[in-house]
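*Asks:* coords below, sequence missing:
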């Protein structure tokens, strides 16, 4: 039986792939942070949380009904593994190409946090694939309360990351081209591949 600490470690480690990946929300945070610092990062996180929790809740309720299907968890494990491999590959490619998105916001950070979350294909695909595996595991371990537990282990990272990025953006740090950031993302990609292999082993047992 997976302990709470083990489950938390899994959620946090896998969540890094979604939380810290460069994208529209990350780029908007840098743009806002130049003037507003860490406070704008938190406001973006507020808007992000509203959309994310609603999506996670809906997926959790859907998982309850789907869990009655034969081999449901095996299919989810395989889908989660393939998704982890895919996201890891994309992150490695982006780091090697040294690509970075540019975004100039025109609205308040709270609204932008909602819009760039709900309209971000990466975010939606992540939760419908990798995130859905975490949700189904949470339900298996802790029933309905597991959704809240899993989300709590995940969401604090958004606030911490967006706040930190906003802070350093306000101090003029060039986060998007940081060599240390690229090395970190390569390490995270390797960890994602490890979890993907673990998911496949779990499904094929």
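*Replies:* Received the coordinates, thanks. Because the structure is a prediction, the values reported are computed rather than measured.

*Asks:* contacts and neighbour counts: CA atoms only from here.
*Replies:* Noted.

*Asks:* pLDDT score for residue 147?
*Replies:* Among the per-residue scores, residue 147 shows a pLDDT of 91.

*Asks:* Now do the strands in the protein.
*Replies:* Under the criterion DSSP state E, the chain contains no strands.

*Asks:* pLDDT weak spots in this protein?
*Replies:* Low-confidence regions of the chain, defined here as pLDDT under 70, cover residues 1-2, 22-23, 63-70, 72-73, 98-107, 121, 172-181, 184-185.

*Asks:* Quick one: distance of the longest helix that it contains to the chain centre.
*Replies:* Looking across the chain with DSSP state H, the single longest helix is helix 38-66. Here helix 38-66 is found 11 Å from its chain centre; the criterion is Cα atoms, centre = their mean, to the nearest Å.

*Asks:* How about stretch 91-100?
*Replies:* Counting by Cα atoms, centre = their mean, stretch 91-100 is centred 18 Å from the centre of its parent chain.

*Asks:* The longest helix of the chain: which residues count as buried?
*Replies:* Judged by neighbour count (16 or more other Cα atoms under 10 Å), helix 38-66 contains these buried residues: 38-49, 51-53, 56-57, 59-60, 63-64.

*Asks:* Who are the packing partners of that helix?
*Replies:* When contacts are defined as 3 or more Cα pairs under 8 Å, 6 or more residues apart in numbering; DSSP states H and E, helix 38-66 sits against helix 24-36, helix 109-118, helix 130-142, helix 145-170.

*Asks:* can you list contacts of the third one?
*Replies:* Applying Cα atoms under 8 Å, 6 or more residues apart in numbering, the contact partners of helix 130-142 are 2, 11, 56, 59-60, 63-64, 73, 76-77, 79-81, 83-84, 145-147, 149-150.

*Asks:* Quick check on these: which are buried?
*Replies:* Among the contacts of helix 130-142, those buried by neighbour count (16+ other Cα under 10 Å) are 11, 56, 59-60, 63-64, 73, 76-77, 79-81, 83-84, 146-147, 149-150.
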